[in-house]
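*Asks:* quick check, what structure comes out for this input:
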Amino acid sequence: MALVEKHSLTDASEFRVSEAMPGDFLALLKPRVMSLVVFTAFVGLATAPGAIDPFIALIAILAIAVGAGASGALNMWYDADIDAVMTRTARRPIPSGMITPDQALTFGLILAVLSVMTLGLLTNLVAGGLLAFTIFFYAVIYTMWLKRSTPQNIVIGGAAGAFPPMIGWAAVTGSVSLECVVLFLIIFLWTPPHFWALALFKSDDYGRAGIPMMPNVAGEASTKRQILAYSVLVAAVGVAPWAIGQTSAVYGVVSIALGTAFVWYAWKVFRMPEADRTMGAAKALFGYSLVYLFAIFAVLLGDVAIARLIGG
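*Replies:* Modelled structure (predicted):
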């Protein structure tokens, strides 16, 4: 299926008087996605070795949140044409006509520059540079290139969502180490089964927009196999913080249990009959994957915090 003509919506709406309200600009930031970014970044910052002034830490997290929001705004600006034809995105601020594309672009660019400058100046250049690269990767590499060109868009593009704990870690330490790379890998490997589960029960939406998601290109059977394979990898890497000595055995046991459940949900998707158009197993995996990521980072945070209280 051919792609919707790029920015045809922009041409039709650029002369329209904006009716935007503050809530519309907030929606541009993708607040649900931002909340997960903020949480994983906070875990990276809180579990990093060393000390950071609490006020600086708060500003760092806010800067990362704003940077994530800038990425969302730039994504919505570029994807306004395909958002308009997908049922789950048609009510976003640009396709609904509440915000013009030019406003979204300007808003996203201003937030991107401010967030990177704030983080870099208040913490260190490593953290600021990582945030700048993350915004560039999501807005340009993923949104403008990968999303519309390859079914591996989520696999490669998932790196953008995996950087926040590394940025939080770097804000404290000024460097990158094995521990934060493991946190990066957990999110990076989690992303494909999470989004491919969504793509299974939203394949018609992606098909109308011409986005080459895995179910539309490789088929449902291949997608199910890859979901299962990545889920096994997620479960294995989820135990890695314990294996490298970052956490106690408590985290190890909980992470094994959470990972086993992840694989079990993925197995149910793998065994789901193609005739089952309710996609109940895919919806269940999508929901559990959100629980998994929050839980694995919450347990990691709690484990490290308790260890520091006991040890210090």
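*Asks:* the residue nearest the centre of the chain and T247, how far apart?
*Replies:* Of all residues in the chain, the one closest to the mean position by CA atoms, centre = their mean is G161, 3.5 Å from it. Using CB to CB, to the nearest Å, G161 is found at 22 Å from T247. Yep, even glycine has a C-beta here, placed from its N, CA and C like the rest.
*Asks:* give me the low-pLDDT residue ranges for the stretch 201-312 of the chain?
*Replies:* Across the stretch 201-312 of the chain, the ranges flagged by pLDDT under 70 are 275, 312.
*Asks:* just the helices in it please.
*Replies:* Along the stretch 201-312 of the chain, counting by DSSP state H, counting those that start in this stretch, helices occupy 203-209, 214-217, 220-238, 240-243, 249-270, 280-311.
*Asks:* which one of the ones you listed lies closest to P22?
*Replies:* Closest to P22 of these, according to CB to CB: helix 280-311, at 26.9 Å.
*Asks:* distance between that closest one and the chain's centre?
*Replies:* Averaged C-alpha coordinates place helix 280-311 at 15 Å from its chain's average position (CA atoms, centre = their mean, to the nearest Å).
*Asks:* before we move on, the earlier item: enumerate every residue touching the residue nearest to the centre of the chain.
*Replies:* By CB atoms under 8 Å, 6 or more residues apart in numbering, G161 lies in contact with V33, L36, V37, Y138, I187, T191.
*Asks:* list the contacts of the fourth one.
*Replies:* Right, the one you point to is Y138. Y138 is in contact with S71, L74, N75, G157, A160, G161, counting by CB under 8 Å, 6+ apart.
*Asks:* of those - the most surrounded one?
*Replies:* Counting neighbours by other CB atoms under 10 Å, the top entry in the contacts of Y138 is S71, with 30 neighbours.
*Asks:* contact partners for it?
*Replies:* S71 touches G108, A112, T134, I135, Y138, A139, A160, counting by CB under 8 Å, 6+ apart.
*Asks:* could you look up the SS state of it?
*Replies:* helix (DSSP: H, G, I helix; E, B strand; the rest coil).
*Asks:* can you select the buried ones among the contacts of G161 for me in PyMOL?
*Replies:* Only the buried entries of those go into this PyMOL selection, using 16 or more other CB atoms under 10 Å:
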select buried, resi 36+37+138+187+191
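*Asks:* one step back: ok and the strand or helix carrying the residue nearest to the centre of the chain relative to helix 280-311, angle-wise?
*Replies:* Assigned by DSSP states H and E, G161 belongs to helix 153-162. Angle between the axes of helix 153-162 and helix 280-311 is 30 degrees (criterion: axes from the mean of the first three to the mean of the last three CA atoms, to 10 degrees).
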